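**Q** here's a sequence, model it:
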Amino acid sequence: MGSRRKAREIALQMVYSTDVNKTDIKESLNLYWEYNPDEHEVVAFANMLCTGTLDNLVKIDELITQYTKNWNLKRMASVDRNILRVAIYELVFYLQTPVNVVINEAVELAKKYSTSESGGFVNGILDKVKEVRNNGQPTADKK
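**A** This is a model prediction of the structure:
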């Protein structure tokens, strides 16, 4: 597994844990890396995805709501919701990764961690959200 793919998988796990357990992301990441040390590139990219996603969560959730007609964010499967969150952060706020890479990686995570229909669901939403990137990026929240 490549270092970026591994970092995305870890970011999904950490953002999911924060969402479900209402934990602090920095504490969760510190604890995770203490017991699971990894290459600097994996750690740095996963940390960036986690903190960026959570720092921009309001805007990201607004985008998810905008592009998921008839889907309440709270009723969406937790795994799918958090795959979308991390992918939308990377797609809209972290412009270094090509669009097709972000979407493909998110679809693979959905296939691995969610239902058989989740890959198509995630692909459909991200295909719509990519227009935000093409038409101008929202301003990232700074802490």
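
**Q** only C-alpha atoms from now on, for both contacts and neighbour counts.
**A** Noted.

**Q** hmm, residue 87 is touching residue 103, no?
**A** Yes - in this structure residue 87 lies within contact range of residue 103 using Cα atoms under 8 Å: 7.1 Å.

**Q** can you tell me the closest non-neighbouring residue to the residue nearest to the spatial centre of the chain?
**A** What sits nearest the mean C-alpha location of the chain, by Cα atoms, centre = their mean, is residue 86, with 0.9 Å. If the residues on either side of it in the chain are set aside, residue 86 comes closest to residue 53, at 5.7 Å by Cα to Cα, 6 or more residues apart in numbering.

**Q** which element, helix or strand, includes that neighbour?
**A** helix 40-55 (DSSP states H and E).

**Q** for this protein, give me the ranges with low pLDDT.
**A** When residues are selected by pLDDT under 70, those of the chain lie in 136-143.

**Q** show me the strands in it, by range?
**A** Shown for the chain, no strands are assigned by DSSP state E.

**Q** now the helices for it?
**A** Assigned by DSSP state H, the chain shows helices spanning 3-21, 25-35, 40-55, 57-67, 78-88, 99-113, 118-135.

**Q** single out the most deeply packed of the ones you listed.
**A** helix 78-88 (a mean of 24; mean count of other Cα atoms under 10 Å).

**Q** which residues does the helix holding residue 53 contact?
**A** Helix 40-55 is contacted from outside by 3-4, 6-8, 10-12, 14-15, 25, 29, 33, 60, 85-86, 89-90, 140-143, using Cα atoms under 8 Å, 6 or more residues apart in numbering.

**Q** try it again with 6 Å
**A** Helix 40-55 has contacts (Cα atoms under 6 Å, 6 or more residues apart in numbering) with 3, 7, 11, 86, 89.
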